[in-house]
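Engineer: return atomic coordinates for the entry below.
(2 chains)
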There are 2 protein chains.
Amino acid sequence: MRDFSKDHEWMSINTATVRKAHGKEVPLLDILDACARHGVRAISPWRDQVAAVGLKEVSRAVRSHDLALSGYCRGGMFTASDDAGLARARDDNRRAVDEACELNAACLVLVVGGLPGALQGQAEYRDIGRARAQVTDGIAQLLEYGRERKMPIAIEPLHPMYAADRACINTLEQALDVCDLLDPAGSGDLGVAVDLYHVWWDPKLQTQIERAGKRRLLAFHVCDWLTPTTDLLNDRGMMGDGVMEISKVRGWVEAQGFAGYSEVEIFSYRWWERSTDEILRTCIERHRAVV
Amino acid sequence: MRDFSKDHEWMSINTATVRKAHGKEVPLLDILDACARHGVRAISPWRDQVAAVGLKEVSRAVRSHDLALSGYCRGGMFTASDDAGLARARDDNRRAVDEACELNAACLVLVVGGLPGALQGQAEYRDIGRARAQVTDGIAQLLEYGRERKMPIAIEPLHPMYAADRACINTLEQALDVCDLLDPAGSGDLGVAVDLYHVWWDPKLQTQIERAGKRRLLAFHVCDWLTPTTDLLNDRGMMGDGVMEISKVRGWVEAQGFAGYSEVEIFSYRWWERSTDEILRTCIERHRAVV
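Structural biologist: Now for the predicted structure:
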């Protein structure tokens, strides 16, 4: 297992972690500057942040700062109540792959979608089995496109509390079942993003990490689970402030040969009240101490 | 599958559903009176509500109203950071069995506990594997006592969002693994409480219900999952107001031979603002329409 205590060479910053400072949105280029200033070597930006600046300009900034992308957030949201919606999702996901290529991302991370309409407050249908079938079809199509563009696709199982509105793939086992179905050879073109926030609770976590193996472990995300958690979306904890055994799980992932970045992804209305520098300093400190 | 559309013969009311009215606590005896007034045949009361009145007095009221108990809430909370804590949990669980016997409950429902101290805000240790081992040991001991007293023990897997602070058994599969370990013969002395709020999202729900079979399906709880859900604990939905496919899952449970009550258990700061009569009327109406 790699020693992370001396530096933050293998820490990546998911840009959602510093999306706000003092409660206000921070433009992506300012985030990139701050990351470079703190010696961060890798980031994972969000499509909406990229779109707000423009892909080409972000691409130039990424290159000029010599930043790697541990992943690109995000493709997915495959479900729909009609064919037109499914086609829109397909096209949008292809654009996400194109953008990930332009930014030279390690993978495109998928938040696969839940019941269509549920995120807007009213599900258009309730059959989660149907949603799951649409997701599998959507990933199958996207995998072909990703292969053409040489962009690996990482399915991120989301915590079951997001099953209705964000992602109906909710365990690592379920994500790996989809990988087995669509890429039985284990080519490495399709894999998983293991975000501890979503999977830390899973009694089968270790066995499924072993099942995934190196070729399917495409990304590793850290934060912490707070007790109490006061918001379903934006109350993630800084590493060390919660109950997760982060380094134990990193050990499991690295035992499979994973040698990539550990990506800090913290959606937190608490941390977003602080300054970008304070958030980044704390991420670095905690990454050395507890990741 | 039984026809629930004509009456509410097989509806049970978990008394937490009507624990408050107009924002204020309702004494348990008033709840029992209200249930009887609405033709409710079964309830599932909570230990703290029973303790506030006194076990003997509750027992008399239950008998005088001819109410069945679809379950008794709750045993569990087995985890601790020292032996004294484990012993306290063991003793308290035995008292819970005794109370369940006095009230002639169909089973004692277990919320098994998470990381000790987490519910109070500070976990005393972080090793969820250790917590799970303590839970298994605790259930093993309690099962012996339950057998002596002829009180079936129902493990209730809780939603993964409660893994840290309330219950580290989080899927039906995991609960059934414990049943297999401790009661390999499937005696019926140990089983599961299937509360849809906790398991509706699970891609293995149907297969695990089939695995459980009639002897291990000891209780069936309904409510709904709202989108958005605004509180991790007290924002459960009334049946029909959310995204669950309740009658589909009831069909799976009944296909195994389950013929007991469907118990309405809704923790909701919204519904607790209404009157007891309005809550009960709505439960009955929705039970007929969508359960």
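Engineer: what are the bridge partners for A:Ser44, then?
Structural biologist: Residues found in beta-bridge contact with A:Ser44 (criterion: DSSP bridges) are A:Asn14.
Engineer: contacting residues around it?
Structural biologist: Applying Cβ atoms under 8 Å, 6 or more residues apart in numbering or on different chains, one finds that A:Ser44 lies in contact with A:12-15, A:69-73, A:105, A:109, A:219, A:263, A:265. For the C-beta atoms, the positions are set from N, CA and C on the backbone; glycine is no exception.
Engineer: so of these, which ones are in strands?
Structural biologist: With strands defined by DSSP state E, the entries of these inside them are A:12-14, A:69, A:72-73, A:109, A:219, A:263.
Engineer: can you redo those residues as TSV with neighbour count and distance to B:His8?
Structural biologist: As requested, the ones in strands among the contacts of A:Ser44 are arranged in TSV below (neighbours: other Cβ atoms under 10 Å in any protein chain shown; distance: Cβ to Cβ, whole Å):
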residue	neighbour count	distance to B:His8
A:Ser12	31	55
A:Ile13	31	55
A:Asn14	27	49
A:Leu69	20	57
A:Tyr72	27	52
A:Cys73	27	48
A:Val109	31	47
A:Ala219	27	50
A:Glu263	27	51
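Engineer: A:Ala163: what's it in contact with?
Structural biologist: For A:Ala163, the set of contacting residues under the criterion of Cβ under 8 Å, 6+ apart consists of A:114, A:128, A:170, B:200-201.
Engineer: burial count for the residue nearest to A:Leu190 when sequence neighbours are not counted?
Structural biologist: Excluding the flanking residues, the one nearest A:Leu190 by Cβ to Cβ, 6 or more residues apart in numbering or on different chains is A:Asp183, at 4.3 Å. The local packing count at A:Asp183 equals 20, with neighbours defined by other Cβ atoms under 10 Å in any protein chain shown.
Engineer: so what's A:Asp183 up against?
Structural biologist: Neighbours of A:Asp183 in contact, by Cβ under 8 Å, 6+ apart: A:143, A:189-190.
Engineer: cutoff 10 Å now
Structural biologist: If you count contacts by Cβ atoms under 10 Å, 6 or more residues apart in numbering or on different chains, A:Asp183 has them with A:139-140, A:143, A:147, A:153, A:189-191, A:215-216.
Engineer: in helices only, show me the contacts of A:Ala163.
Structural biologist: Judged by DSSP state H, the subset of the contacts of A:Ala163 located in helices is A:Ile128.
Engineer: closest one of the contacts of A:Ala163 to B:Leu226?
Structural biologist: Taking Cβ to Cβ as the measure, B:Trp200 is the one of these closest to B:Leu226, at 11.9 Å.
Engineer: do you know the pLDDT at the closest one?
Structural biologist: Note on B:Trp200: pLDDT of 98.
Engineer: measure it to B:Arg274 for me?
Structural biologist: When distances are taken as Cβ to Cβ, to the nearest Å, B:Trp200 and B:Arg274 turn out to be 24 Å apart.
Engineer: more neighbours: those two, which one.
Structural biologist: Residue environment comparison for B:Trp200 versus B:Arg274 gives the larger neighbour count to B:Trp200, 24 against 17, counting by other Cβ under 10 Å.
Engineer: now intersect the contacts of A:Asp183 with the strands, please.
Structural biologist: When strands are assigned by DSSP E, the members of the contacts of A:Asp183 inside them are A:153, A:190-191.
Engineer: make JSON lines from these and add distance to B:Gly240, pLDDT and neighbour count to it.
Structural biologist: JSON lines is the format used below for the ones in strands among the contacts of A:Asp183 (distance: Cβ to Cβ, whole Å; pLDDT from 0 to 100; neighbours: other Cβ atoms under 10 Å in any protein chain shown):
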{"residue": "A:Ile153", "distance to B:Gly240": "37", "pLDDT": "98", "neighbour count": "29"}
{"residue": "A:Leu190", "distance to B:Gly240": "38", "pLDDT": "98", "neighbour count": "28"}
{"residue": "A:Gly191", "distance to B:Gly240": "39", "pLDDT": "98", "neighbour count": "25"}
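Engineer: adding distance to A:Phe4, write these out as TSV.
Structural biologist: Conversion of these to TSV gives the following (distance: Cβ to Cβ, whole Å):
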residue	distance to A:Phe4
A:Ile153	27
A:Leu190	28
A:Gly191	22
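Engineer: so which of the contacts of A:Ser44 comes closest to chain B?
Structural biologist: A:Glu265 (17.8 Å; Cβ to the nearest Cβ).
Engineer: in the stretch 101-250 of chain A, which spans are helices?
Structural biologist: A:128-149, A:172-182, A:196-199, A:205-216, A:246-255 (DSSP state H, counting those that start in this stretch).
Engineer: and of those, who's closest to B:Asp195?
Structural biologist: Among the helices of the stretch 101-250 of chain A, the nearest to B:Asp195 by Cβ to Cβ is helix A:128-149 (16.9 Å).
Engineer: what about the most centrally placed residue in chain A, distance to A:Ala167?
Structural biologist: With the centre of chain A defined as its mean C-alpha position, the nearest residue by Cα atoms, centre = their mean is A:Val109, 5.3 Å away. Counting by Cβ to Cβ, the gap from A:Val109 to A:Ala167 is 11 Å.
Engineer: which neighbours do the two have in common?
Structural biologist: Looking at what touches both A:Val109 and A:Ala167 (by Cβ under 10 Å, 6+ apart), the common residues are A:76, A:155-156.
Engineer: restricted to strands, list these.
Structural biologist: A:76, A:155.
Engineer: so which of the shared contacts of A:Val109 and A:Ala167 reach chain B?
Structural biologist: Contacts with chain B within the shared contacts of A:Val109 and A:Ala167, as defined by Cβ under 10 Å from any Cβ of the partner chain: none are present.
Engineer: show the buried residues in the shared contacts of A:Val109 and A:Ala167.
Structural biologist: The neighbour-count test (16 or more other Cβ atoms under 10 Å in any protein chain shown) marks A:76, A:155-156 as buried among those.
Engineer: between those, which is closest to chain B?
Structural biologist: A:Ile155 (13.2 Å).
Engineer: wouldn't the closest one be in contact with A:Ala140 here?
Structural biologist: No. With contacts defined as Cβ atoms under 10 Å, A:Ile155 does not count as touching A:Ala140, sitting 11.8 Å away.
Engineer: need the residues touching each of the two.
Structural biologist: Between them, A:Ile155 and A:Ala140 share the neighbouring residues A:178, A:182, A:190, with contact defined by Cβ under 10 Å, 6+ apart.
Engineer: distance check, A:Val199 against B:Val111.
Structural biologist: As judged by Cβ to Cβ, A:Val199 and B:Val111 stand 22 Å apart.
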